[in-house]
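In: Here's my sequence, what's the structure:
(chains A and B)
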Amino acid sequence: MKLGRWFILLAVVLWLSWDSFFIVDETELAIVTQMGDFRRRVMRPGIQYKVPVLQQVDKLENRILVSDTPPAEFLTLDKKRLVADPITWWKIKDPWLFLQKLSDETRARSRIDDIVNSELRREFASHDFGNIIGNARSPLMEQVTLNTRKQTDDFGILLVDIRIRRADLPPEVQDSVFQRMRAERDRVAKKYRSEGEEEAAKIRADTDKEKTILLAEAYQQSQKIRGEGDAQSTAIYAAAYGKDAEFYGFIRSLETYEKSLGSDSTLVLSTGDGLFRYFVESSKKP
Amino acid sequence: MRSQFGDKQGPDIGDVVARVGEMSRNVTGRFGSGLALVILLILLWSGAYKVGPGEIGVVRTFGRETTKMGPGLRFRIPLVQRVDKVNVEQIRSISVGFRDKQPVIDEAQMITGDANILEVQMIVQYRIIDPTRYLFRLRDPDETLRASAEVALRGVVGRTGIDDVITTGRERIQDETREWLQQLVDNYESGIRVTGVKLQSIDAPDAVRDAFHEVVRAREEKEKLINQAMGYNADLIPRARGEVRKIVREAEGYREQRVLEAKGDSEKFDATYAEYRKAERVTRQRLYLETMERVLGRTPHKVLVDERLSKTALPVLPLGMPGAPASGAKP
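Out: All right, here's what the predicted structure looks like:
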């Protein structure tokens, strides 16, 4: 019996000392309450002391959390419809405030979704479709983040960032976009084809022109060269034959006879002079 | 202990009996200390762990990060310390717009800057560079990376025209997406370094794909037409140049020919003339007679008309028939 009492006492002491400490992980925040009253926040990881039995510890997430809000349809300033899928990163900044206002993560998420959607609706309604898709998206989302952050502050939440994961056109609008794209592509294809023909015609025309010019230049050059040849030969002939024009005529005539009279020629010759002078009057002395 | 005991086992049988009696008395104590020893060994064993190559072991003591361990065999205090191992060298990758080569249309489809719709597939390569952040600062770093990759890619494509995206803008889109993605995941304290963003296929949605392919065909056709024209050029111009060369060379040949012939002719003339000057009359006669001899020697049909006859009546000769008059004229 005595031994049993000691055991019970030991167990109680062990339990009390065990209950005096708690461990806060790197990924956690904790708050200590005493009978439902707030005592303190534990914002850093490690081993912590509390009053056993009397004080309770609630642990909360200290990491950045992702909330993927379901896609919703929005109306832009230029009355176009847009399906946007926002995604939100947030973390618990004040665990006590968070616990009081939202109590758990699920409620926090739905709360954040509501605020984000209404802020997006407001911001999208003051921008044109093209800007939301294009260049204005970043500043626009920063504005949404800032506005949302102001509201989530009250819940002990630090809103890190809101982004549009996907922004699509509603299915009915997509069809008209596809039609436009098709027409546009047809136009581009036609443009390419006629550009090709244009380029090809240009190249062929340039080629023909180049060829004609080349040949004409060649003709010009060749005529000049031939002229030079003629001129030089004329000068040479003149220099040689000019010494005795009469003799040149004589020699050249003889050459002509020799070249032009062949075996198929018939000659009718007179005895009047020249060669056959002696044929008739052999005895006569001139 | 047991081996020590075995060594001391002497040959004296009485001594052995005494020791056995002592052992049976102490058996509970021995069993207890043996059990404690085994538990101690198990604790020691469970405290040992191995950090593999490329890994970092992040040690938490009572929940708080106290140290990081490099590769090797390490020890932790059981029950007090926890270790998470993270490979910081391995290049990991995620795909956007497709899984296992199958396209995921919802994820791939996006609007371009000029309000067209494209399907873009991308691979993101990354590495964990900060294990503390990766483990403790963000609950779902992998989901964050995937979502951020979509945000960045859609953002960049959303401000780029469709023609840029499908043709020349590829590099720029990759660079800008990587840069922006890195900013985003840094902002979310993910501990991730994006090492590469690679665009895979960029294609038009099914509904308009044929029109897009038609553009590709048209562009190829354009190239073909231009190439054909270039071929025409490449064929014609060298031929023309060859012809030019031929024409010029021919002309040059002509010139040389004319000059050389003139020189030859004049040299021949000069030589004959020099002889002629020595005895003009005789040379003249000789040249004439020699030529006539050769000319008359070659021509078989000759008609010699007496000068006196020709003054009275012109004889009629059938000049057209070379054979006939020869016989008729000779007598």
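
In: Can you report phi and psi for A:Thr88?
Out: phi -130, psi 140 (degrees, to the nearest 10).

In: Now that it has come up, it's in contact with A:Ile64, right?
Out: No - using CB atoms under 8 Å, A:Thr88 is not in contact with A:Ile64, being 10.4 Å away. All C-beta atoms are positioned from the backbone trio N, CA, C, and that covers glycine.

In: Just give the closest residue to A:Thr145, not the sequence neighbours.
Out: Spatial nearest neighbour of A:Thr145, excluding adjacent residues (CB to CB, 6 or more residues apart in numbering or on different chains): A:Ile162 at 4.8 Å.

In: Contact partners for the one you found?
Out: For A:Ile162, the contacting residues are A:Pro86, A:Ile87, A:Thr88, A:Trp89, A:Val116, A:Met141, A:Val144, A:Thr145, A:Thr148, by CB atoms under 8 Å, 6 or more residues apart in numbering or on different chains.

In: give me that answer again for 10 Å
Out: Contact partners of A:Ile162, counting by CB atoms under 10 Å, 6 or more residues apart in numbering or on different chains, are A:67, A:69, A:86-90, A:112, A:115-116, A:119-120, A:141-149.

In: What about those residues, which are in strands?
Out: A:Ser67, A:Pro86, A:Ile87, A:Thr88, A:Trp89, A:Trp90 (DSSP state E).

In: Around the first one, count how many other residues there are.
Out: By that I understand A:Ser67. Neighbour count of A:Ser67, defined by other CB atoms under 10 Å in any protein chain shown: 18.

In: confidence score at the closest residue to chain B within the stretch 51-200 of chain A?
Out: Relative to chain B, the nearest point of the stretch 51-200 of chain A is A:Gly196 (3.1 Å; CB to the nearest CB). At A:Gly196, the model reports a pLDDT of 93.

In: Just list what the helix or strand encompassing it packs against, helices and strands only.
Out: Element membership for A:Gly196 (DSSP states H and E) is helix A:171-241. Judged by 3 or more CB pairs under 10 Å, 6 or more residues apart in numbering or on different chains; DSSP states H and E, helix A:171-241 is in contact with strand A:81-92, helix A:245-260, strand B:109-111, strand B:117-128, helix B:162-166, helix B:209-278.

In: can you give me the strands in chain B?
Out: Counting by DSSP E, the strands of chain B are B:48-51, B:55-61, B:64-69, B:72-75, B:81-87, B:92-96, B:98-99, B:102-103, B:109-111, B:117-128, B:192-203, B:301-305.

In: Which of those strands sits closest to A:Glu255?
Out: strand B:301-305 (20.8 Å; CB to CB).

In: Let me know how buried the residue nearest to B:Arg92 when sequence neighbours are not counted is, in neighbour terms.
Out: Setting aside the residues directly before and after it, B:Arg92 is nearest to B:Tyr126 in space (CB to CB, 6+ apart), at 5.7 Å. Around B:Tyr126 there are 25 other residues, counting by other CB under 10 Å.

In: wait, isn't B:Tyr126 in contact with B:Val197?
Out: Yes - if you go by CB atoms under 10 Å, B:Tyr126 and B:Val197 touch, sitting 9.5 Å apart.

In: what's the overlap in contacts for the two?
Out: B:Ala149, B:Arg178, B:Leu181, B:Gln182.

In: overlap in contacts of A:Thr88 and A:Ile64?
Out: Common neighbours of A:Thr88 and A:Ile64 (CB under 10 Å, 6+ apart) are A:Val160, A:Asp161.

In: what about B:Gly297, how many neighbours?
Out: Counted with other CB under 10 Å, B:Gly297 comes out at 9.

In: What of A:Ile251?
Out: A:Ile251, neighbours per other CB under 10 Å, totals 20.

In: Tell me the predicted confidence for the nearest residue to it once chain neighbours are set aside.
Out: Nearest non-adjacent residue to A:Ile251, counting by CB to CB, 6+ apart: B:Thr272, 6.4 Å away. At B:Thr272, the predicted lDDT confidence score is 83.

In: cool, A:Gly4 as well?
Out: 84.

In: same question, A:Leu158
Out: 93.

In: From B:Val208, how far out is it?
Out: 44 Å (CB to CB, to the nearest Å).

In: So between these two, which is more surrounded?
Out: The residue with more neighbours, out of A:Leu158 and B:Val208, is B:Val208; 22 against 14, by other CB under 10 Å.

In: How much space separates that one from B:Val157?
Out: Relative to B:Val157, and taking CB to CB, B:Val208 is found at 16 Å.

In: what does B:Thr67 give?
Out: For B:Thr67 relative to B:Val157 (CB to CB), the value is 44 Å.

In: Could you check which of those two has the larger neighbour count?
Out: B:Val157 (27 against 13).

In: Next, name the residue at the spatial heart of chain A.
Out: The centre of chain A sits closest to A:Gly134, judged by CA atoms, centre = their mean, with a distance of 15.2 Å.

In: and the residue nearest to that residue when sequence neighbours are not counted, what pLDDT?
Out: Leaving aside its sequence neighbours, A:Gly134 sits nearest to B:Arg159 (CB to CB, 6+ apart; 4.4 Å). On the pLDDT scale, B:Arg159 is placed at 87.

In: my guess is B:Arg159 meets B:Gly113, correct?
Out: Yes - B:Arg159 is within contact range of B:Gly113, at 4.8 Å (criterion: CB under 10 Å).
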